[in-house]
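Peer 1: After the sequence you'll find the predicted model.
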Amino acid sequence: MASKGILYIVISGPDAYQRASEGLRMAEYQAGDGIHGVALMLQGEGVEWLREGDEEYRKEIQTSIGVVHELGSPVFVCGVSLNERGLTATMNDYKFLNSSAPKRISQVVSKGWQVAVF
């Protein structure tokens, strides 16, 4: 059975920014392609990308998150991870969907989507 889409889950934070960057770059390219369903979820340390900072790699990652969002792909953020870090589901002018990670993953898998974790 062919995959109907892919959920990219970013659990890597600033200590593993290269891994997070690769996952986001793949999500960005696939969202821009427009032929596959793409969604993005920030979970665990991955929600740290919503935090403000002036590091160059942070700006690049935040740009990729914004591009995925602007291309029409949903961006979900794990509510528990946000609460643990005192963050909200926002980044600059963007507002993302606060979601339960286990529930969202279960939903996409039941619909025939793949899951990629970075």
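Peer 2: Sure, I can see it.

Peer 1: just the helices in the protein please.
Peer 2: Secondary structure of the chain (DSSP state H): helices located at 17-33, 56-70, 79-85, 101-110.

Peer 1: can you tell me which of those the model trusts least?
Peer 2: Comparing mean pLDDT across the helices of the chain, the lowest value falls on helix 101-110: a mean of 86.

Peer 1: Could you tell me how far that helix lies from the centre of the chain?
Peer 2: Chain-centre distance of helix 101-110: 14 Å, with C-alpha atoms, centre = their mean, to the nearest Å.

Peer 1: Can you dump the C-alpha atoms of that helix in CSV for me?
Peer 2: Below are the C-alpha coordinates for helix 101-110, written out as CSV (Å, rounded to 0.1, in the frame of the first residue of the first chain):
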residue,chain,number,x,y,z
ALA,A,101,1.5,13.7,20.3
PRO,A,102,0.3,10.1,20.9
LYS,A,103,-3.2,10.9,19.6
ARG,A,104,-1.9,12.7,16.5
ILE,A,105,0.5,9.9,15.7
SER,A,106,-2.2,7.3,16.1
GLN,A,107,-4.5,9.2,13.8
VAL,A,108,-2.0,9.6,11.0
VAL,A,109,-0.9,6.0,11.2
SER,A,110,-4.5,4.7,11.0
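
Peer 1: How about that helix, which residues are buried there?
Peer 2: Using 16 or more other C-beta atoms under 10 Å as the test for burial, helix 101-110 gives 101, 104-105, 108. Using the backbone N, CA and C atoms, a C-beta is placed for each residue, glycine as well.

Peer 1: same question, stretch 3-11
Peer 2: Within stretch 3-11, the residues scored as buried using 16+ other C-beta under 10 Å are 6-11.
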